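Undergrad: Here's my sequence, what's the structure:
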Amino acid sequence: GTGNAEPYNPAYRGGLDSLYTASVLAIRPKNGELVWHYQYMPNESFDLDGSAEPVIADLSIDGQVRKVLMVANKNGFLYLIDRTNGGLIAAHPYVKVNWASHIDLKTGRPVLTDVYDRAARGETVEVWPSRGTNATLMAFNPKTGLVYLNSWEIARILKYVKFDFVLGQGSTGVDTSFRAPPGEPWGYHMAFDPLSGKAKWKVPLMETASSAGMLATDGGLLFTGLLTGEFIALDQETGQTLWKFKTGSAINSPPITYTHQGRQFVTVLSGVGGSVNRRMKDYDLIPVGGSVTTFALMPE
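TA: Numbers count the residues shown, from 1 in each chain. Next up is the predicted model:
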């Protein structure tokens, strides 16, 4: 995955596509050959980039097993891409999206709404989402065919401004802030069907979203965490919280599981950080400091 161009203001790039930005690239590691690329957002101008992790899977689609990449993009769409040739199979919104009405499956390009044109004319616009996820690893269970992720339902308030390069200073070319609707969830723990584009379940997160990754186990558990420090296990079928453990700081990392000497372990890092997380309610009340916490499956 690749990031976006700066400044975000498209005037400095002539409104052109900016080849290979906000894209996924397929490269042969032996010789560096670029086999194919897919650009999520030509002329990406909202800081929605394309650097989210691709997850590989073999899925039955219309009676045929396809080798796919699945990407829960920051732009709010979850993509299914044929990983043999880069062809777009499907793209479904998994959060509120207002910058595009849909993704054209023939061209692979987003069909823009008036948000971009209004911003390019100098208006202040509200862009949904500011990020569908926040550099947050999702999980996939081939048994259920579902992906599991932590979504963000927060808008970006954006205005393009004149940009003058100053070494060591910001180069975005925007005035920006973020807004979550009062009384509405800031995000969700979510189980999402990448084929139908429907959520099986959503657990609302009020007044704070989650930057923790998701870990799906074969036993039907989902491990993830909260900004307030809880490391939690959810039921993959329902999203119900089955267990939690309070760590010393915030969970912003993906948990991992592994075996050692025949016993299974789960490990997670705890430690508050991140410029976006600082905008969350009660951020200043979260203790700082990093730690590693490991749990073991009890012996039978």
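
Undergrad: Near the closest residue to residue 146 other than its chain neighbours, how many other residues are there?
TA: Nearest residue to residue 146, sequence neighbours excluded (Cβ to Cβ, 6 or more residues apart in numbering): residue 191, at 4.9 Å. No exception for glycine: its C-beta is placed from N, CA and C like everyone else's. By the criterion of other Cβ atoms under 10 Å, residue 191 has 27 neighbours.

Undergrad: pretty sure residue 191 is touching residue 145, no?
TA: No. If you go by Cβ atoms under 8 Å, residue 191 and residue 145 don't touch, sitting 10.3 Å apart.

Undergrad: Residue 71 sits in which helix or strand?
TA: Taking DSSP states H and E as the definition, residue 71 sits inside strand 64-72.

Undergrad: Tell me the strands beside that strand, with direction?
TA: According to DSSP bridges, strand 64-72 forms sheet pairs with strand 55-61 (antiparallel), strand 77-82 (antiparallel).

Undergrad: quick one: buried residues of that strand?
TA: Residues of strand 64-72 classed as buried under the neighbour-count rule (16 or more other Cβ atoms under 10 Å) are 66, 68, 69, 70, 71, 72.

Undergrad: In the protein, what helix or strand scores lowest on average pLDDT?
TA: strand 174-179 (a mean of 89; mean pLDDT, DSSP states H and E).

Undergrad: Show the subsequent helix or strand relative to it.
TA: Remark: after strand 174-179, the chain's next helix or strand is strand 185-192, criterion DSSP H and E.

Undergrad: Can you pull out the low-pLDDT segments for the chain?
TA: Residues of the chain meeting the criterion pLDDT under 70: 274-283.

Undergrad: Indicate each strand paired with the helix or strand that contains residue 231 and its parallel or antiparallel sense.
TA: Taking DSSP H and E as the criterion, the element that holds residue 231 is strand 230-235. Using DSSP bridges, the strands paired with strand 230-235 in its sheet are strand 221-225 (antiparallel), strand 241-246 (antiparallel).

Undergrad: which one of these is the most hemmed in?
TA: Among those, strand 221-225 has the highest mean neighbour count (mean count of other Cβ atoms under 10 Å), at a mean of 24.

Undergrad: so that strand versus strand 185-192, what angle?
TA: 150 degrees (axes from the mean of the first three to the mean of the last three Cα atoms, to 10 degrees).

Undergrad: contact partners of strand 221-225?
TA: 139, 148, 150, 189, 210, 212-217, 231-236, 239, 242, 247, 250-253, 255, 257, 266, 268, 270 (Cβ atoms under 8 Å, 6 or more residues apart in numbering).

Undergrad: ok, the buried residues of strand 64-72 vs residue 182, which is closest?
TA: Nearest to residue 182 out of those is residue 72 (Cβ to Cβ; 26.2 Å).

Undergrad: Surely the closest one and residue 138 touch.
TA: Yes. Using Cβ under 8 Å, residue 72 is in contact with residue 138, at 5.0 Å.

Undergrad: which neighbours do these two share?
TA: Here residue 72 and residue 138 share the contacting residues 147, 149, scored by Cβ under 8 Å, 6+ apart.

Undergrad: For the spatially most central residue of the chain, give its distance to residue 174.
TA: Among the residues of the chain, the one closest to the centroid is residue 133, at 3.0 Å (Cα atoms, centre = their mean). With distances taken as Cβ to Cβ, to the nearest Å, residue 133 is found 21 Å from residue 174.

Undergrad: sorry, back to before: and the contacts of strand 221-225, which are buried?
TA: Judged by 16+ other Cβ under 10 Å, buried ones among the contacts of strand 221-225: 139, 148, 150, 189, 210, 212-216, 231-234, 236, 239, 247, 250-253, 255, 257, 266, 268, 270.

Undergrad: Can you flag which of these belong to strands?
TA: Among the buried ones among the contacts of strand 221-225, DSSP state E puts 139, 148, 150, 189, 215-216, 231-234, 257, 266, 268, 270 in strands.

Undergrad: and of the strands paired with strand 64-72, who's closest to residue 106?
TA: Nearest of the strands paired with strand 64-72 (Cβ to Cβ): strand 77-82, 14.2 Å.

Undergrad: Fine by me, we can end here.
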